[in-house]
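1. My questions concern the predicted model and sequence given below.
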Amino acid sequence: QVQLAESGGGLVQAGGSLRLSCVASGLTFSRNAMGWFRQPPGKEREFLAAISWSGPYYADSVKGRFTISRDNAKNTVYLQMNSLKPEDTAVYYCAASYGGTYNLKEGNPDYWGQGTPVTVSS
């Protein structure tokens, strides 16, 4: 059974930083593209970043502020978030796609995590 477990969310002041982690189990981690999404209150889920053997990809909304990375030895993907803004408040989700980053960017991964909430106060 595949499980994606996010952690690292919480409350932070505007301008601050957080690092989210997602530990994967039940899949061959190194063969999966991994990604991060978020869903702000009352809005649809949106793609943020993905990483695979071909490199990282970012949505324009977070390029330059967020950094995705992975540690295949730990089956973990990270999202470093800097210069946080109140509009970054959302539930953040980890996702995995055996088919590569295309499916992630299309919002159609194979697996989702349960999400971790991030609140940025002004």
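-> Nice, I can see it.

2. And the next helix or strand past the lowest-mean-pLDDT helix or strand in the chain?
-> Among the helical and strand segments of the chain, the one scoring lowest on mean pLDDT, DSSP states H and E is helix 101-105, with a mean of 91. Remark: after helix 101-105, the chain's next helix or strand is strand 111-112, criterion DSSP states H and E.

3. Packing partners of that next one?
-> Where contact means 3 or more CB pairs under 8 Å, 6 or more residues apart in numbering; DSSP states H and E, strand 111-112 is packed against strand 90-97. No exception for glycine: its C-beta is placed from N, CA and C like everyone else's.

4. and if we set it to 10 Å?
-> With contacts defined as 3 or more CB pairs under 10 Å, 6 or more residues apart in numbering; DSSP states H and E, the packing partners of strand 111-112 are strand 3-7, strand 90-97.

5. Run a quick neighbour tally on the nearest residue to residue 94 once chain neighbours are set aside.
-> Nearest non-adjacent residue to residue 94, counting by CB to CB, 6 or more residues apart in numbering: residue 22, 3.4 Å away. By the criterion of other CB atoms under 10 Å, residue 22 has 25 neighbours.

6. Would you confirm that residue 22 contacts residue 51?
-> No. Between residue 22 and residue 51 there is no contact under CB atoms under 10 Å: 11.2 Å.

7. what about residue 21, distance to residue 102?
-> Separation of residue 21 from residue 102 (CB to CB, to the nearest Å): 24 Å.

8. who has more neighbours, those two?
-> Shown here are residue 21 and residue 102; by other CB under 10 Å, residue 21 has more neighbours (17 against 13).
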